[in-house]
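Trainee: have a look; sequence and predicted model below, questions after that.
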Amino acid sequence: MSPRRWWTATAATLVLTTTALVAPGASAAAPTAPTTDVTLAPDETALVRVQLRDEAQFRQLLAEGADIANRPRLDDGRVLADLVLTGRQLAALTAQGVVARQVVQREGDAARRYAESLLAAPSRTGSRVQGDGRAPAVTAADTLQFLQAYWWTSNGRTFVQTQVATTATEDPDVEITVTWQTADGQTGSYPLVRFADAGEYQYHYALPQPLPARPVRVTASSSLGGAARPTNPTAWPNATPPALPEGYQKDFIDAYLTPTDIQARIRRLARQYDDLVDVIDLPHKTQGYRRTAAGYLGDPASAAIVVESVRFGDQKMNGVQVRTVDPGRRNRPLNATYRDRVLTVSLATDAAGATISTTDQVAAFVSARYPQQFSAFVENGSAGLPMPVAGPVRLDDGLKGTEVSKKPWTVQALRIGAHRDGSRIGVLAYSQEHAREWATPLVTLEFAERLLANAGTDPATRELLDTVDVFVIPMVNPDGANYSFHDANFQRKNLVNHCTGAQRDPANRDAFGVDVNRNYTVGSLFDGYTGASTNCLSGTYAGTGELSEAESRNVIALAQQHPNIRFAMNVHSYGGYFMWPPGAYRADGRVTLPRPSIDESKMFLDSARRIVGAIAADRGTVTWPSQTGPVADVLYSAAGNSADQLYYELGIFAWDFEVGNDRWNETTGQWEGVGFQPPFDEAHAESQEYAGGLVELLRVARDYARDQGEALALTRR
Ligand SMILES: [Zn+2]
């Protein structure tokens with residue numbers, strides 16, 4: 001019983017595709033010896049950084065609904081992607097030349113890291129060179145141009161990052177090399193890799209490169225003989241927040257927080273700071289941490305049907321027994337009784353007294369006879385087979401979180417400020433749309449409590465709360481979060497199962513649910529945009545329609561009910577990104593949602609630099625310039641994401657964080673991913689640095705209101 005049929009079923013496709021994709025003499029596939037243990041047991045699920053053959057293979061995985069945690073990174077000619085997969089799936093990919101580079105996080109790590117956390121308790125926009133922006137040179141040589149050249153220092157180590165565009169946009173074999181020079185005359189060079197997205201050339205770039213000192217000059221040359229004008233790299237982000245005053249209170253996070261913990265934290269903050277806080281119950285209750293009860297009647301390996309309760313397991317359906325019996329008499333029709341919580345199906349017999357019902361007949365009969373109680377379907381591979389005498393089996397929802405409330409959940413927002421009447425500019429921070437991103441509510445709750453705890457003692461905090469109206473939804477997706485904590489830590493989606501027929505097989509239980517951040521109305525799958533799936537088992541399943549889910553409706557309802565909200569931050573993990581619209585494009589021609597105006601693009605980038613600077617002030621984490629920009633450019637197309645709806649429909653400056661930046665490993669000389677549920681020390685550090693980023697966002701909003709004039713600032717487009 002494979003828990004992820006979508007992948008198993010497509011493995012054959014992958015083989016064909018990758019065979020076809022082997023470029024003659026491709027050097028990119030040359031494996032690098034792994035530096036850590038990258039072996040997985042066949043049934044073990046893990047988050048693994050793998051080296052793919054090329055970007056086309058990544059797109060293939062994306063199209064097949066693979067659980068991809070990150071955009072592929074290009075590192076020294078190799079395509080790196082982070083995937084959630086089983087050992088079996090990894091073996092299948094390895095057989096096709098994929099190389100595992102780093103096990104970012106194992107399935108078993110999450111519970112341990114949660115337990116340990118309890119024990120621990122005490123840019124570019126506007127300057128993009130388009131392929132058709134200028135006539136290519138007619139000589140053999142191409143022309144190069146630096147799109148970005150930035151340097152920074154983090155924890156004593158200096159880095160440089162560059163993007164270069166060639167006019168030879170259609171030539172996939174152009175090689176570009178960047179050479180750097182420091183003030184004291186040291187030099188070195190590194191290769192760039194070509195980055196194309198949806199078949200369109202974008203630029204050449206490389207991951208940040210460690211340097212011995214600040215670069216004062218970079219040059220670029222291409223294999224076609226082209227060169228770029230030498231450039232003096234600029235400091236990134238080159239913005240520093242105001243110093244924290246003496247006595248500033250922070251560090252309110254001492255463990256990972258479950259949904260129940262978050263609910264309690266919200267209640268405590270409201271009680272402790274009642275003059276500065278309102279708690280808003282969002283209007284759409286979620287389904288709750290619940291699921292239908294189901295079981296296999298028969299043997300799935302030979303012949304079986306799945307019997308599923310219509311109501312949820314906790315609605316007195318867990319433990320209901322189901323069986324088939326031989327009536328022991330000749331010429332009996334198919335029949336069934338349901339009493340004392342036991343469903344007994346009596347199989348039909350022939351003149352000799354042998355049972356003759358098929359799996360299809362039994363499944364159809366049960367569904368038709370007890371439509372209020374049961375629905376049954378034939379297990380894959382069992383169609384038309386004789387139905388065996390089997391059972392009794394107990395139906396069960398399989399949920400392991402016995403302490404968790406099964407009721408529909410009321411998602412809550414904190415409203416923080418001295419004037420919570422709509423007269424001040426509003427800023428919304430919301431997190432954990434994706435269940436497995438455990439560090440994200442730590443960020444928003446740390447942010448909220450910093451404001452409240454310092455309001456009485458720090459004049460700067462008080463001034464912010466006098467001028468800004470702050471809204472925080474720490475946890476958009478509580479049901480999925482409960483599932484991530486108690487059942488399957490890599491759960492990304494909510495718990496609403498829209499699958500029909502055989503896709504409802506209990507073997508698929510960890511793949512049910514809707515991707516909340518693909519369920520919004522602007523640039524959606526339903527509008528023809530790319531980066532979401534119609535497959536109910538895919539990690540990016542968009543739902544049955546725009547805003548089909550309570551979780552997404554809640555975010556929009558809060559923004560609609562408070563028209564003073566003009567800024568928003570959607571907090572995700574991981575990877576270290578800072579992004580804004582457009583967040584989606586149509587695959588055909590890579591036509592994005594409309595680009596912001598020049599003025600707004602400048603606002604997005606200038607504000608981003610301030611906020612990136614504030615994040616860096618905590619432990620030196622610098623979000624790369626290559627990962628600061630529009631979602632569609634720096635990450636991937638995410639059809640139907642929330643920030644796009646907030647921006648295009650409601651006129652809100654809407655950003656996204658991906659907290660959890662890669663860490664530079666000085667020993668291996670590689671950037672390493674941190675994962676969704678890192679060791680708590682890392683999650684704690686993320687909460688601290690990104691809470692500082694959110695405080696800077698408040699200053700951005702305050703300055704915007706001051707510069708525009710309050711009345712204008714509160715007017716949405
Ligand atoms: Zn996310």
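Mentor: Perfect, thanks for sending it.

Trainee: is it true that Phe159 touches Leu207?
Mentor: No: using CB atoms under 8 Å, Phe159 makes no contact with Leu207, being 9.2 Å away. Placement of C-beta: from N, CA and C, glycine included.

Trainee: model confidence for Asp197, exactly?
Mentor: Reported pLDDT at Asp197 in the predicted model: 81.

Trainee: that one: how many residues sit nearby?
Mentor: 17 (other CB atoms under 10 Å).

Trainee: that one and Ala66, how far apart?
Mentor: Using CB to CB, to the nearest Å, one obtains 18 Å as the distance from Asp197 to Ala66.

Trainee: Ala352 now?
Mentor: Distance, Ala352 to Ala66, using CB to CB: 51 Å.

Trainee: ditto for Ser375
Mentor: 29 Å.

Trainee: of those two, who's got more company?
Mentor: Using other CB under 10 Å, the more surrounded residue of Ser375 and Ala66 is Ala66, with 23 against 20.

Trainee: find the nearest non-adjacent residue to the more buried one, please.
Mentor: Using CB to CB, 6 or more residues apart in numbering and skipping residues adjacent in sequence, the residue nearest Ala66 is Leu83, 6.0 Å away.

Trainee: what helix or strand is the one you found located in?
Mentor: For Leu83, the enclosing helix or strand under DSSP states H and E is strand 78-86.

Trainee: go on, Asp703?
Mentor: Asp703 belongs to helix 680-708, assigned by DSSP H and E.

Trainee: tell me which residues of the host helix or strand of Leu605 are tucked away?
Mentor: Taking DSSP H and E as the definition, one finds Leu605 inside helix 598-619. Under the neighbour-count criterion of 16 or more other CB atoms under 10 Å, helix 598-619 has 600-601, 603-605, 607-618 buried.

Trainee: just want the angle from that helix to helix 680-708.
Mentor: 140 degrees (axes from the mean of the first three to the mean of the last three CA atoms, to 10 degrees).

Trainee: got the residues of this protein near the ion?
Mentor: His434, His572 (CB under 5 Å from the ion).

Trainee: shaky segments in the chain?
Mentor: Scanning the chain for pLDDT under 70 picks out the ranges 1-36, 63-65, 71-72, 76-77, 120-140, 717.

Trainee: mind redoing it with 50?
Mentor: 1-35, 123-138, 140 (pLDDT under 50).

Trainee: helix or strand: which one has Gly629?
Mentor: strand 628-630.

Trainee: for whichever helix or strand comes after that strand, list every residue counted as buried.
Mentor: Per DSSP H and E, strand 628-630 leads on to helix 631-634 as the next helix or strand towards the C-terminus. Of the residues in helix 631-634, Val631, Ala632, Asp633, Val634 count as buried by neighbour count, 16+ other CB under 10 Å.

Trainee: measure the second one to the ion for me?
Mentor: Ala632 sits 16 Å away from the ion, going by CB to the ion, to the nearest Å.

Trainee: correct me if wrong, but Leu118 is in a helix.
Mentor: Yes: counting by DSSP: H, G, I helix; E, B strand; the rest coil, Leu118 falls inside a helix.

Trainee: which residues does Phe365 contact?
Mentor: Residues near Phe365 by CB atoms under 8 Å, 6 or more residues apart in numbering: Leu334, Ala336, Val345, Ser357.

Trainee: so how many other residues sit close to the first one?
Mentor: So that's Leu334. 22.

Trainee: right, and it touches Ser346 too?
Mentor: Yes: at 7.2 Å, Leu334 and Ser346 qualify as touching, with contact defined as CB under 8 Å.

Trainee: coming back round to it: list just the nearest of the buried residues of helix 631-634 to the ion.
Mentor: Val631 (11.6 Å; CB to the ion).

Trainee: for the residue in the stretch 51-200 of the chain positioned nearest to the ion, what are its contacts?
Mentor: With CB to the ion as the measure, Ala69 is the residue of the stretch 51-200 of the chain nearest to the ion, at 8.8 Å. By CB under 8 Å, 6+ apart, the contact set of Ala69 is Leu47, Asp82, Leu83, Val84, Tyr574, Gly575, Gly675, Phe676.

Trainee: now Gly353
Mentor: Contacts of Gly353 (CB under 8 Å, 6+ apart): Gly328, Arg329, Arg330.

Trainee: next: Asp75.
Mentor: Val193, Ala206, Leu207, Gln670, Trp671.

Trainee: could you measure from the closest residue to Asn661 other than its chain neighbours over to Ala559?
Mentor: Sequence neighbours aside, Gly576 is the residue nearest to Asn661 in space, at 2.9 Å (criterion: CB to CB, 6+ apart). Separation of Gly576 from Ala559 (CB to CB) stands at 26 Å.

Trainee: and Thr240, by the same measure?
Mentor: Distance, Thr240 to Ala559, using CB to CB: 31 Å.

Trainee: same question, Ala220
Mentor: From Ala220 over to Ala559 (counting by CB to CB), the distance is 44 Å.

Trainee: do I have it right that the residue nearest to Ala66 meets Gln51?
Mentor: No: using CB under 8 Å, Leu83 is not in contact with Gln51, being 11.2 Å away.

Trainee: and the gap between Val470 and Ala243?
Mentor: 22 Å.

Trainee: these two: which is more packed in?
Mentor: Val470 (30 against 8).

Trainee: show me what the helix or strand in which the more buried one is found is packed against.
Mentor: For Val470, the enclosing helix or strand under DSSP H and E is strand 468-473. Helices and strands touching strand 468-473, by 3 or more CB pairs under 8 Å, 6 or more residues apart in numbering; DSSP states H and E, are strand 412-416, strand 425-431, helix 439-454, helix 550-561, helix 680-708.
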